[in-house]
Structures are given as structure tokens and as C-alpha cells.
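S.K.: Fold the following.
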Amino acid sequence: MRNNEHIIDGKNRLSERRDIFPPKQDHSVMLSSEGTNMVFKSYQSQVEMLLQNYVHADPFILCASVISSIFACKMIYDLSQLISPVYFKSYSSLAKSKQIEWNNRAISTFHAVFIATMSLYLILCSDLYSDNQLRGPITLRSSKLSTSALGVSVGYFITDLGMILWFYPSLGGMEYVIHHLLSMTGVTYAMMTGEAQVYAFMVLISEATTPSINLRWYLDETGMKRSRAYTINGIVMFLAWLVARILLFAYLFYHAYLHYNQVKQMHVFGRRLILVIPSMLTVMNLIWFWKILKGLKKTLAKRH
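M.R.: This is a model prediction of the structure:
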């Protein structure tokens with residue numbers, strides 16, 4: 001009897017140990033799946049927290065960069081208004097609306113040089129957006145420098161959009177209003193949440209075409225439309241537009257496709273912005289590119 005009791009007791013203890021310690025499974029698979037889920041939930045909760053708090057970076061950096069940009073735009077406008085009559089004799093003979101556009105284009109030129117340079121540096125020279133898996137998804141990376149640069153662009157778009165609406169339609173029609181609203185929405189979202197900054201800077205590289213566009217307008221208004229400089233600038237503008245606003249946007253969509261596993265970790269609103277804004281800008285860029293091509297053909301035909 002006592003031996004039987006020991007056997008029964010042993011079986012009960014064995015059953016209890018099995019309840020406490022379940023049969024051995026493939027721990028490598030479990031750890032891999034659990035680790036992936038934990039990382040995904042971690043980044044998802046991070047994004048949710050960013051959107052709840054609205055501001056990912058230091059609020060002082062955001063406010064300072066945007067406000068400083070607005071004041072810088074005003075300063076550049078005043079300097080252009082002061083210096084242009086001295087160095088460009090044709091400036092004084094322009095109509096008041098043309099003088100306003102002249103000064104406005106000075107602002108856009110300075111912004112284009114600044115943001116295109118910063119965008120190229122952050123994407124090509126720095127390691128902020130390199131394919132380093134240890135730093136987390138590329139779509140969630142940001143820094144004080146990148147956020148400040150985006151703040152400068154937000155300040156510019158606010159200033160330029162305000163001038164376009166105030167002097168509408170002399171500084172641009174509805175297509176410019178739509179372009180600025182789309183750009184400002186995407187850049188502001190990337191600045192405030194820290195999401196998709198890499199794609200914001202890819203789009204902002206397209207500002208590299210602005211100086212040649214403005215130079216074309218300046219040459220036209222100063223009576224140099226038939227000059228060699230006008231023709232050379234037209235060719236440069238065509239090539240710059242092809243690279244920065246056509247091929248680069250195609251690469252943006254390709255990059256998002258390759259990094260889709262990281263893109264889908266973004267908030268749903270951010271994912272929609274990546275799809276909608278570059279798509280709409282691409283359509284507008286193609287329309288303008290066709291007009292540039294027709295203008296270049298016309299200019300070359302006249303010179304021949």
C-alpha cells in the first residue's frame with residue numbers, strides 16, 4: 001500500500017511539474033516572433049505618443065526655427081527692395097506688381113539654396129537616414145538639425161503663401177496655392193512628429209530648380225530673353241527639373257516600396273501623406289515639365 005501511495009504521489013507531482021513547466025518548444029522561433037512584435041509595438045506606441053503630444057522635438061526649436069525663418073524672409077525682401085535699384089537699372093522701370101514679384105523671388109531663391117543644400121547633406125552626407133537597422137526604422141528618425149531645417153521651410157511656405165494670397169493672382173494662380181498647401185502640410189507633419197522626415201527632404205531637394213526658374217524670370221524682365229545666358233539657363237532648368245522633380249520623385253516611391261515594412265509602422269495619417277502628397281506633386285511637376293520642354297524647344301528654334 002505504501003509503495004502504491006508513493007507511485008500515485010509521484011504521478012501527481014509529475015503532473016504538477018508539467019503544469020508549471022510546459023513541454024519544451026522551439027524557443028528561437030518564439031523569441032524571434034515575440035521580439036518582432038515587441039519592437040513593432042514599441043515604435044507604434046512611440047508614434048501614438050508623438051501624435052498625442054503633437055510635438056516630438058523641443059518646442060523651442062520648432063518655434064524658433066519657424067519664427068526666425070519668417071523674419072529672415074522679411075529681411076531678404078527688404079534688402080532686395082533696397083539693393084535691386086542700385087545694381088539693376090531696369091528694376092526702377094518695372095511696374096509696382098513686378099517689383100513685388102522681383103523681391104518675392106529673391107526670398108524663394110535664398111530658401112531654395114538653403115533647403116536644397118540641407119536636404120542633400122542630411123540624405124547623402126550624414127548617417128541619419130542610412131540603412132542602419134540598429135537605429136530603428138528610417139521613417140522615424142529625426143534630429144535637432146533636421147527638425148530645425150524643416151522649421152525654416154515651414155516659415156518660408158507660410159510667408160510665401162501669405163504673399164500669394166494677399167497679392168492674388170499676380171504672384172501665382174491656384175496651382176501655386178495648392179502646391180504650397182501640399183508642401184506645407186507634409187513638411188509641418190514631418191517637423192512636428194518626427195515621422196517621414198527622409199521623404200520630406202527628398203521632396204525638398206526639388207527646390208534646387210527654383211534658382212534657375214527665377215533667373216529665367218529675371219532675364220525676361222530685364223530684356224535679355226534673346227541672350228545666350230537665357231538659352232543656357234533654359235537648358236539647365238530643363239535638366240534640373242528632370243532630375244530633381246521627375247526622376248527623384250520616382251526614386252522616392254521606389255524607396256518607400258523597398259522600406260514598406262518600416263513605412264507601415266508609421267501612423268495611418270503619415271502613411272497617407274507619403275502616398276498622396278508626392279503623387280499630387282508629381283502630376284503638377286509633369287504638367288510644368290511639359291511646359292518647360294515646349295518653352296525650351298521654342299527658344300532653341302528662335303536661336304537657330
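S.K.: what helix or strand is Lys147 on?
M.R.: Heads up, residue 147 is Thr, not Lys. If you go by DSSP states H and E, Thr147 is part of helix 144-166.
S.K.: ranges for the helices of this structure?
M.R.: 2-20, 27-53, 59-87, 90-93, 96-120, 144-166, 174-193, 197-204, 210-221, 228-241, 248-258, 260-263, 268-303 (DSSP state H).
S.K.: if we can go back for a sec, could you export the helix holding Thr147 as PDB, CA atoms only?
M.R.: What follows is helix 144-166, C-alpha atoms only, in PDB (Å, rounded to 0.1, in the frame of the first residue of the first chain):
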ATOM      1  CA  LYS A 144      17.600  68.800 -33.900                       C
ATOM      2  CA  LEU A 145      19.300  69.800 -37.200                       C
ATOM      3  CA  SER A 146      16.700  68.100 -39.400                       C
ATOM      4  CA  THR A 147      13.800  69.500 -37.400                       C
ATOM      5  CA  SER A 148      15.200  73.000 -37.500                       C
ATOM      6  CA  ALA A 149      15.700  72.800 -41.200                       C
ATOM      7  CA  LEU A 150      12.100  71.700 -41.700                       C
ATOM      8  CA  GLY A 151      11.100  74.600 -39.500                       C
ATOM      9  CA  VAL A 152      12.800  77.100 -41.800                       C
ATOM     10  CA  SER A 153      10.900  75.600 -44.800                       C
ATOM     11  CA  VAL A 154       7.600  75.900 -42.800                       C
ATOM     12  CA  GLY A 155       8.300  79.600 -42.100                       C
ATOM     13  CA  TYR A 156       9.100  80.200 -45.800                       C
ATOM     14  CA  PHE A 157       5.900  78.400 -47.000                       C
ATOM     15  CA  ILE A 158       3.800  80.400 -44.500                       C
ATOM     16  CA  THR A 159       5.400  83.700 -45.700                       C
ATOM     17  CA  ASP A 160       5.200  82.900 -49.400                       C
ATOM     18  CA  LEU A 161       1.600  81.600 -49.300                       C
ATOM     19  CA  GLY A 162       0.600  84.700 -47.400                       C
ATOM     20  CA  MET A 163       2.000  86.900 -50.100                       C
ATOM     21  CA  ILE A 164       0.500  84.800 -52.900                       C
ATOM     22  CA  LEU A 165      -3.000  85.100 -51.300                       C
ATOM     23  CA  TRP A 166      -2.500  88.800 -50.400                       C
END
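S.K.: and the residue nearest to the spatial centre of the chain, what does it touch?
M.R.: Centre of the chain computed as the mean C-alpha position; nearest residue by CA atoms, centre = their mean is Ala200, 1.2 Å away. Taking CB atoms under 8 Å, 6 or more residues apart in numbering, we find Ala200 in contact with Leu150, Gly186, Val187, Ala190, Met191. (C-beta placed from N, C-alpha, C; glycine too.)
S.K.: switch to 7 Å and redo it
M.R.: Counting by CB atoms under 7 Å, 6 or more residues apart in numbering, Ala200 makes contact with Leu150, Gly186, Val187, Ala190.
S.K.: residue contacts, the last one?
M.R.: To tie it back to what came earlier, the one meant is Ala190. Leu150, Ala196, Gln197, Ala200.
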